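Student: I would like the atomic coordinates for the input below:
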Amino acid sequence: KKKNFQSEFRFRHRDGHYIWIEARGSILYNEEGTSQRMLGSHIDITHRKQMEARIQQAQKMESIGNLSGGIAHDFNNILFPIIAMAEMLLEDLPQDSLEYKNAREIYKAGNRGSELAKQILAFGRQSEEKFIPVGIQKILRDVLKLSRATIPSDIEIVQNIDIGCGMVLANPTQIHQIAMNLITNAYHAVEQNGGRISVELKEEKLAFHDPLRSKLKPGKYAKISVADTGCGMDPATVQKIFDPYFTTKEKGKGTGLGLAVVHGIVTAHHGEIRVASELCNGSRFEVFFPLMAEASKDEVSVTTLPLPIGTERILLVDDEEAILRVNCLSLERLGYQVTVRLNSREALEAFSANPDRFDLAITDMAMPGMAGDQLAKALLVIRPTLPIIICTGFSERIDQEKADAIGAKGFLMKPMVRADLARKVRQVLDQSTPD
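Tutor: Take a look at the predicted model:
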């Protein structure tokens, strides 16, 4: 007779890390039922446990991404009419009136909310492996806004962002992820006793190459620095901080993946991350990204040019009545003739009845029954040359590339200001070939 058993447990190594062991075996009994001997094996399953943790983390991040996308979409739909109505009030009210100043504050607050919604989306969605010219200064400003909203006000955040810093070839979402990780780590370092977090961006020129200390070649770099006045780390800890699953945080407060992910992203961008830390004297992380050779330092200027107008006929579709009303009013004030529909089915019926009645269709993406991309395909089956603009508050399912593939001529992220809507409508109409 025998009895099988299986169990998993941890051993703590003398250097402090843990090893997972799986024990399997059988207990052999004689005819009287007395145990005689045990046969078994012990297997190191640490790697398997790490893989399981990675899968769980990926599933958790996917859930966060889905949740954040839904929150941001609903938040954008609430903000959209607030921003648009405030914008129209600014056009109608005398600039020296109290009402104009109040409307301007509403407009500014709405735009801040819009930027926050974009950062919620950027935090949750999975990154696309696409490198484009990026101005890190804008990403850092956005991350700092989000961080300031979540970090207690008794912790000082000092920022020194060089708005003239050149462009880098990067994945914007991953740069956002790096900044969030470093600032969050700095916050945890000062969370208990308070202190200061400093965030800096500047250009730095490396004049020579020291292969023993750095893999960076001579040239110009964008340098992000995040420093804190927290507890700091000893040299042994500094040596391990980029190892996967190594964390100095107490149980439940960190996965140990943050800095490992940051290191991987920086390496993929041909950059370098450095750390200087001392017990009781805080820590400083520096991230270097190569500047683009043809980087432009010109900030995008806000123009006061008159908004483009027109008289074309537009089919406008959105299941949110407040957004539909605001967009209709905005377009009518620009001179356009607008037909509105609250769902895709009614819009398709109106278009099918007279396809030549409309010069442009503008549709929301997330609608019950038939989504905006499906409506666009149906309209193009009836009239392949119809210009279409797709709008969305959540870009996981649709983006500019996917809109192009469908055959849409334009793509807008909500909430968009009236100027963006006016320019996109005019651009799409002017570029479209008449039937």
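Student: bridging residues for residue 284?
Tutor: Bridge pairing for residue 284 (DSSP bridges) gives the partners residue 227, residue 276.
Student: list the contacts of it.
Tutor: Residue 284 is in contact with 225-228, 275-277, counting by C-beta atoms under 8 Å, 6 or more residues apart in numbering. For the C-beta atoms, the positions are set from N, CA and C on the backbone; glycine is no exception.
Student: do the same with residue 431
Tutor: Counting by C-beta under 8 Å, 6+ apart, the residues that residue 431 touches are 387, 409.
Student: which strands and helices sit next to the helix or strand where residue 117 lies?
Tutor: In this assignment (DSSP states H and E), residue 117 forms part of helix 98-124. Helix 98-124 is packed against helix 46-92, helix 136-150, helix 172-190, with contacts defined by 3 or more C-beta pairs under 8 Å, 6 or more residues apart in numbering; DSSP states H and E.
Student: and the first one with helix 98-124, angle?
Tutor: Angle of helix 46-92 versus helix 98-124, following axes from the mean of the first three to the mean of the last three C-alpha atoms, to 10 degrees, is 160 degrees.
Student: and residue 367, what are its phi and psi?
Tutor: Dihedral pair for residue 367: phi -140, psi 150, per degrees, to the nearest 10.
Student: without its sequence neighbours, what residue ends up closest to it?
Tutor: Nearest non-adjacent residue to residue 367, counting by C-beta to C-beta, 6 or more residues apart in numbering: residue 319, 4.5 Å away.
Student: okay, now the nearest residue to residue 292 once chain neighbours are set aside: neighbour count?
Tutor: Once flanking residues are discounted, residue 292 sits nearest to residue 167: 4.8 Å by C-beta to C-beta, 6+ apart. For residue 167, the neighbour count with other C-beta atoms under 10 Å is 20.
Student: secondary structure element holding residue 422?
Tutor: Counting by DSSP H and E, residue 422 is part of helix 418-431.
Student: and that helix, how far out from the chain's middle?
Tutor: Helix 418-431 sits 26 Å away from the centroid of its parent chain (C-alpha atoms, centre = their mean, to the nearest Å).
Student: tell me the mean pLDDT over it?
Tutor: What helix 418-431 shows for mean pLDDT is 92.
Student: now do stretch 319-338
Tutor: 92.
Student: next one: stretch 195-204
Tutor: 95.
Student: quick one on the thing from earlier: ok, and the most crowded of the contacts of residue 284?
Tutor: Of these, with other C-beta under 10 Å as the count, residue 228 tops at 25 neighbours.
Student: can you list the buried residues in the helix holding residue 422?
Tutor: By 16 or more other C-beta atoms under 10 Å, the buried positions in helix 418-431 come out as 418, 421-422, 424-426, 428-429.
Student: can you redo those residues as JSON lines with distance to residue 310?
Tutor: Shown next, in JSON lines, are these (distance: C-beta to C-beta, whole Å):
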{"residue": "418", "distance to residue 310": "14"}
{"residue": "421", "distance to residue 310": "12"}
{"residue": "422", "distance to residue 310": "9"}
{"residue": "424", "distance to residue 310": "12"}
{"residue": "425", "distance to residue 310": "7"}
{"residue": "426", "distance to residue 310": "6"}
{"residue": "428", "distance to residue 310": "11"}
{"residue": "429", "distance to residue 310": "6"}
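Student: hang on, isn't the residue nearest to residue 367 packed against residue 341?
Tutor: No - counting by C-beta atoms under 8 Å, residue 319 does not reach residue 341; the two are 9.4 Å apart.
Student: these two: which is more packed in?
Tutor: Neighbour tally, residue 319 and residue 341, criterion other C-beta under 10 Å: the higher count belongs to residue 341, 21 against 17.
Student: so what does that one have for phi and psi?
Tutor: Dihedral angles (degrees, to the nearest 10) for residue 341: phi -140, psi 140.
Student: same check, this time on residue 336
Tutor: Phi and psi for residue 336, reported as degrees, to the nearest 10, are phi -80, psi 160.
Student: and if you look at residue 337?
Tutor: Backbone dihedrals for residue 337, given as degrees, to the nearest 10, come out at phi -100, psi 120.
Student: burial count for residue 17?
Tutor: Neighbour tally, residue 17, other C-beta under 10 Å: 13.
Student: and it, what pLDDT?
Tutor: The model reports residue 17 with a pLDDT of 81.
Student: kindly check the end-to-end length of stretch 413-422 for me.
Tutor: Across stretch 413-422, the straight-line distance between its terminal residues is 14 Å, by C-alpha to C-alpha, to the nearest Å.
Student: what residues does that stretch touch?
Tutor: 76-77, 79-80, 83-84, 87-88, 110-111, 114, 118, 307-309, 323, 327, 330-331, 334, 364, 391-393, 395, 412, 424.
Student: for this structure, give me the ranges with low pLDDT.
Tutor: Residue ranges of the chain with pLDDT under 70: 57-58, 61-62, 64-66, 118-130, 209-213, 244-258, 294-305, 394-396, 433-435.
Student: outline the domain layout of it.
Tutor: What automatic domain parsing lists as the domains of the chain is 2-44, 130-300, 313-431.
Student: and those domains, which is most packed in?
Tutor: Highest mean neighbour count of the domains of the chain: domain 313-431, a mean of 18 (counted as mean count of other C-beta atoms under 10 Å).
Student: start and end of that one, how far apart?
Tutor: The stretch domain 313-431 measures 16 Å between its terminal residues, going by C-alpha to C-alpha.
Student: quick one: residue 48 and residue 243, what's the gap?
Tutor: Note on residue 48: its distance to residue 243, by C-beta to C-beta, to the nearest Å, is 18 Å.
Student: how about residue 146?
Tutor: To residue 243, residue 146 is 28 Å away according to C-beta to C-beta.
Student: and what of residue 114?
Tutor: Taken as C-beta to C-beta, the span from residue 114 to residue 243 is 39 Å.
Student: then residue 226?
Tutor: Separation of residue 226 from residue 243 (C-beta to C-beta): 20 Å.
Student: next secondary structure element downstream of the helix holding residue 117?
Tutor: Following helix 98-124 toward the C-terminus (DSSP H and E): strand 132-134.
Student: give the contact list for the closest residue to residue 384 other than its chain neighbours.
Tutor: Counting by C-beta to C-beta, 6+ apart, residue 384 lies nearest to residue 407, which is 7.5 Å off, once chain neighbours are set aside. Residue 407 makes contact with 376-377, 380, 384, 388 under the criterion C-beta under 8 Å, 6+ apart.
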